[in-house]
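Undergrad: Sharing a sequence plus its predicted fold:
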Amino acid sequence: MSFIHFGAFIFVVTFYSLHWLEVNIATTLMAVFFTAFSSTLLVTIRDAYYKGELKIIGINYQKFENSIRIIVKVKNVGRTAVKYVKPLLIIDEEPLAQLVLPKRRNNDEHWVPCLSFKDKYTCPICAEDIRGFLCPKPFKVDGEYLCWTVADVDAGSGLFGKYYHVSNIPPNDIQHVVIADIYKDDSEGFSVVKFFSEYGTEEKPRICYKLSLGEKTSIPVTLRLVGEGSDPIEKKLLFEIVKDELKVILEDCESVSISEFREIKKFPRNYIPYIPFPLRKK
């Protein structure tokens, strides 16, 4: 074999060897890619399939002697528990003219009553040691906590007591967010909407609004829910009050006319703290 033939032979062998190596590298890389892609896809499908899913499903209410309590029902329609679920309140359009403004007495640190009444200057809605509300100036409620009727997560305590704004919701379970108490006094000619906070229903409210009974008034709010294991959700709520009529409208869900509102005649002037179980624990 001549030197030229030998060189040609080496060239052909080298060419086909490199080609075979390239094919194997390409095949290996494709196999690695498809394995990684398949694994990621399976994990994504699994997470989506077994994910928790919060859904706002309706409105409940409780009638007390002097008020109506508005409650929103929340269900986990997913396949796993949603943990550390927190309800947040957003007041979309601040009706500042209707805001119940607390004041300080002679520039000291003591709250005077928020409301002025015909017979005496005192607030019959809150206890003596609860003056004013949590929302400071400029009185903007944008993502502030509400509370659960059953808060099964110990979230600790703050300046005004124990927190009740964190809960776990297992699959197919329903929990209830407490939104507000609505009071009415026919002789005074107005109603008061008291929105709650993370401290439950018996401590300082988040904010209060005074609504005249002589004209149709409304407060649009948004309820947002965030939790670990579910996408955030939100729905709009509308409170409508005119004379003896109270209507609560839940976006894309239901509209509830509360006829028992007609039975509310007076503010609770002789205040006796109501401590529900298990919202308030000593």
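TA: Nice, thanks for sending it over. For clarity, every value in this text was computed on a predicted model and none was experimentally measured.

Undergrad: Could you use CA atoms for every contact and neighbour count after this?
TA: Fine.

Undergrad: which residues touch stretch 206-218?
TA: 98-100, 133-135, 139, 186, 189-197, 238-244 (Cα atoms under 8 Å, 6 or more residues apart in numbering).

Undergrad: average pLDDT across it?
TA: With pLDDT averaged residue by residue, stretch 206-218 scores 86.

Undergrad: Using PDB, write out every CA atom in that stretch.
TA: What follows is stretch 206-218, C-alpha atoms only, in PDB (Å, rounded to 0.1, in the frame of the first residue of the first chain):
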ATOM      1  CA  ARG A 206     -60.300  48.500  61.300                       C
ATOM      2  CA  ILE A 207     -62.500  51.500  60.400                       C
ATOM      3  CA  CYS A 208     -66.100  52.700  60.700                       C
ATOM      4  CA  TYR A 209     -68.500  54.400  58.400                       C
ATOM      5  CA  LYS A 210     -71.600  56.400  59.200                       C
ATOM      6  CA  LEU A 211     -74.400  56.000  56.600                       C
ATOM      7  CA  SER A 212     -77.600  58.100  56.500                       C
ATOM      8  CA  LEU A 213     -80.800  56.100  56.500                       C
ATOM      9  CA  GLY A 214     -82.600  58.700  54.500                       C
ATOM     10  CA  GLU A 215     -80.800  58.100  51.200                       C
ATOM     11  CA  LYS A 216     -79.400  55.100  49.300                       C
ATOM     12  CA  THR A 217     -75.700  54.700  50.300                       C
ATOM     13  CA  SER A 218     -73.200  52.000  49.400                       C
END
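
Undergrad: Name the residues of it that are buried.
TA: Residues of stretch 206-218 classed as buried by neighbour count (16 or more other Cα atoms under 10 Å): 206, 207, 208, 209, 210, 211, 212, 213, 217, 218.

Undergrad: now swap in stretch 133-148 and tell me
TA: 133, 134, 135, 140, 141, 144, 145, 146, 147, 148.

Undergrad: Switch these over to TSV; also include pLDDT.
TA: Shown next, in TSV, are these (pLDDT from 0 to 100):
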residue	pLDDT
133	74
134	78
135	77
140	82
141	89
144	93
145	95
146	96
147	95
148	96
